[in-house]
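1. Provided below for reference: sequence and predicted model.
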Amino acid sequence: MASSFLAFATERFESEITPVLEEYIAIPAKSPHFEPAWAELGHIDRAVRLLDSWARSRPIAGLRTEVVTLPGRTPVLLLEIPAFGVPASADAVLLYGHLDKQPEMVGWDADLGPWKPVRRGDRLYGRGGADDGYAIFASLTAIEAVQASGGQHVRCVVLIEACEESGSYDLPHYVEHLLPRIGTPSLVVCLDSGAGDYERLWMTTSLRGLVAGTLTARVLDQGVHSGDASGVVPSSFRVLRQLLDRIEDAKTGRFLLPSFHTEVPPLRREQAGQAARLLGDTAWKRFPWAGGTQPMSDDPTTIALARTWTPMLSITGAEGLPAIGSAGNVLRPETALKLSVR
């Protein structure tokens, strides 16, 4: 049965889904946090219409689709599929995903780009395909496969939001608004995580949350000559270094705020060990290390726990720093850093 499901899904993705996924990748549907003018630009609405149109074409018994939009909020796509092969009941499965995207960022190969879908072998490159455009395709294809094989399923609800990369601040309003239609699911499937490899079916049991913000140190109203001001005006970068030292040990990388740490439950520690034994050193060798850089630990279990339970600070962006090629002898007025704490 599993092999027939895999064959069904593979055929659907190759013949019907990948072309639509490529269209989706080409839409710069950046999340509102990264594109405040999202409503005026209409890219999120374009992505919603594309996915809604594809969903409506699926041969799934009783499928109903609706684009729901609350005033001033990003839209959601709601799909409802009645029970199949079993009596109707209050039971339901909720399948979740999102269609908004991270920003372009840098580092793309010369022939790749965020809004340029490129197929290399069995991999499709471009922004949003894996995070999280595939979710609606995977959800409906799984349901379609069950029905096509003569299987059974309870009522299913698929909810695709457009604000996840901004912290899902619109989602609670939609859940409350749609609660009578969602019901009380006995199972929630969140299709927005990762997998250790392609040989097994993986389920995420532990995942760190995210706290993000911008830290700014401003020391002047405008830049001045460093030969005149350094030694008199403090460096805004040095001020930030001191502030960061309050929350992070610069030598070890340990996050210093106790409230971000928690005891790992024994079951989760055991699961991390099992995953580590399966993955071995691929858990860290898969990253594109530069030069002689080494992982913070070479113990697979420690690495597994670090990725799922250990708080860690990353600096994901900066402002106030000119490009090196245009950096003159100026003591800069301010430095701003984007902090991301997992």
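-> Yes, it's here.

2. Any idea how many residues pack against S31?
-> 22 (other CB atoms under 10 Å). C-beta: built from backbone N, CA, C; applies to glycine.

3. residues touching it, list them.
-> S31 is in contact with W38, D100, K101, Q102, A162, C163, E164, E165, S166, counting by CB atoms under 8 Å, 6 or more residues apart in numbering.

4. pLDDT score for it?
-> Listed pLDDT for S31 reads 98.

5. returning to that earlier point: any chance of the contacts of S31 in CSV, plus neighbour count, distance to T184 and pLDDT?
-> Formatted as CSV, these follow (neighbours: other CB atoms under 10 Å; distance: CB to CB, whole Å; pLDDT from 0 to 100):
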residue, neighbour count, distance to T184, pLDDT
W38, 22, 32, 98
D100, 30, 27, 98
K101, 30, 31, 98
Q102, 14, 32, 97
A162, 27, 24, 98
C163, 24, 23, 97
E164, 22, 22, 97
E165, 21, 28, 97
S166, 18, 27, 95
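
6. could these go into JSON lines alongside distance to A276 and secondary structure?
-> Listed next are the contacts of S31 as JSON lines, based on distance: CB to CB, whole Å; DSSP: H, G, I helix; E, B strand; the rest coil:
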{"residue": "W38", "distance to A276": "40", "secondary structure": "helix"}
{"residue": "D100", "distance to A276": "33", "secondary structure": "coil"}
{"residue": "K101", "distance to A276": "31", "secondary structure": "strand"}
{"residue": "Q102", "distance to A276": "28", "secondary structure": "coil"}
{"residue": "A162", "distance to A276": "35", "secondary structure": "coil"}
{"residue": "C163", "distance to A276": "34", "secondary structure": "coil"}
{"residue": "E164", "distance to A276": "28", "secondary structure": "helix"}
{"residue": "E165", "distance to A276": "29", "secondary structure": "helix"}
{"residue": "S166", "distance to A276": "33", "secondary structure": "helix"}
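
7. now, among those, which is nearest to V20?
-> K101 (15.7 Å; CB to CB).

8. Please report how far the closest one lies from G231.
-> From K101 across to G231, the span is 46 Å (CB to CB, to the nearest Å).

9. Tell me the buried residues in whichever strand or helix holds R12?
-> Assigned by DSSP states H and E, R12 belongs to helix 2-12. Of the residues in helix 2-12, F5, F8, A9, R12 count as buried by neighbour count, 16 or more other CB atoms under 10 Å.

10. Could you do stretch 101-115 as well?
-> Counting neighbours by 16+ other CB under 10 Å, stretch 101-115 gives K101, G113, P114 as buried.

11. got the contact list for it?
-> 25-31, 34-35, 118, 125-128, 131, 165.

12. before we move on, the earlier item: for the helix holding R12, the distance to its chain's centre please.
-> Between the centre of helix 2-12 and the centre of its host chain there is 26 Å, according to CA atoms, centre = their mean, to the nearest Å.
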